[in-house]
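Engineer: how would this look folded up:
(2 chains)
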Amino acid sequence: KNQVEQSPQSLIILEGKNCTLQCNYTVSPFSNLRWYKQDTGRGPVSLTIMTFSENTKSNGRYTATLDADTKQSSLHITASQLSDSASYICVVSAMGGGNKLTFGTGTQLKVEL
Amino acid sequence: DTAVSQTPKYLVTQMGNDKSIKCEQNLGHDTMYWYKQDSKKFLKIMFSYNNKELIINETVPNRFSPKSPDKAHLNLHINSLELGDSAVYFCASSQAGQPQHFGDGTRLSIL
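Structural biologist: Purely as a prediction, here's the structure:
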């Protein structure tokens, strides 16, 4: 069964600090892995997308890594800002028709002063 | 300028009623989706349409019926609403292999 697990479930950090969110998956055959940011009351917004051959991708202060061998990904946030407070969702796509995605349950990040 | 727009944003109704949620995308994408997000924030695919054709239909009660009049629209009709239908419903669209663009959700509350 395809699964995506994220840790921690929630995280509180001080503004300006860095943090790393983890994602482990068992989706097969693997196509790509995406990180989304979901602000409260809004829909998820894509941050990064990585295929099998990519092991790192950056989007501003967000850097995602992928280890396809161990089936792990991380999202590193540098110099956090209050606006980074959101839910971060790891999504893995399997090869095959229908663009079927498996969603993680997300990490709820709160950045405080 | 909203890429994926859903209406209404909030929907409060009584058990047993029938309701519809509309979704439109102006991105020119071929594929559209409906997701349900429960109270634990877990997003679950319900349906996916590609060029007006149904391509994903997860285990969803047949009280839920999607309709795609054209590739820019995917509406969701729900019959005989039940308490367990309370959730946030997200519409999304994408183009081949690219990340999905989500609407801001419709918050459905069943009384």
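Engineer: is chain B within reach of the helix or strand harbouring A:Ser73?
Structural biologist: Applying DSSP states H and E as the criterion places A:Ser73 in strand A:72-77. No - using C-beta under 8 Å from any C-beta of the partner chain, we find that strand A:72-77 stays clear of chain B, coming within 14.4 Å at best. Just so you know, the C-beta spots here come from the backbone N, C-alpha and C atoms, and that holds for glycine as well.
Engineer: where in the chain is pLDDT low?
Structural biologist: Going with chain A. Under the criterion pLDDT under 70, the flagged ranges of chain A are A:97-99.
Engineer: other chain: chain B
Structural biologist: Applying pLDDT under 70 to chain B flags residues B:1-2.
Engineer: residue in it nearest to chain A?
Structural biologist: Relative to chain A, the nearest point of chain B is B:Phe102 (3.1 Å; C-beta to the nearest C-beta).
Engineer: sorry, back to before: the following helix or strand past the strand holding A:Ser73 vs strand A:72-77, what angle?
Structural biologist: Heading C-terminal from strand A:72-77, the first helix or strand you meet, by DSSP H and E, is strand A:86-94. Orientation of strand A:86-94 against strand A:72-77 (axes from the mean of the first three to the mean of the last three C-alpha atoms, to 10 degrees) gives an angle of 150 degrees.
Engineer: give the partner strands of strand A:86-94 in its sheet and their orientations.
Structural biologist: When sheet partners are counted by DSSP bridges, strand A:86-94 sits next to strand A:30-38 (antiparallel), strand A:101-103 (antiparallel), strand A:107-112 (antiparallel).
Engineer: list the buried ones in it?
Structural biologist: Neighbour-count burial for strand A:86-94, counted by 16 or more other C-beta atoms under 10 Å in any protein chain shown, picks out A:Ala86, A:Ser87, A:Tyr88, A:Ile89, A:Cys90, A:Val91, A:Val92, A:Ser93, A:Ala94.
Engineer: which strand residues bridge B:His77?
Structural biologist: What pairs with B:His77, by the bridge criterion (DSSP bridges), is B:Ser20, B:Ser65.
Engineer: now do the SS call for whatever residue of chain A ends up closest to chain B.
Structural biologist: Closest to chain B within chain A is A:Gly43: 3.1 Å, counting by C-beta to the nearest C-beta. Of the three states, A:Gly43 takes coil under DSSP: H, G, I helix; E, B strand; the rest coil.
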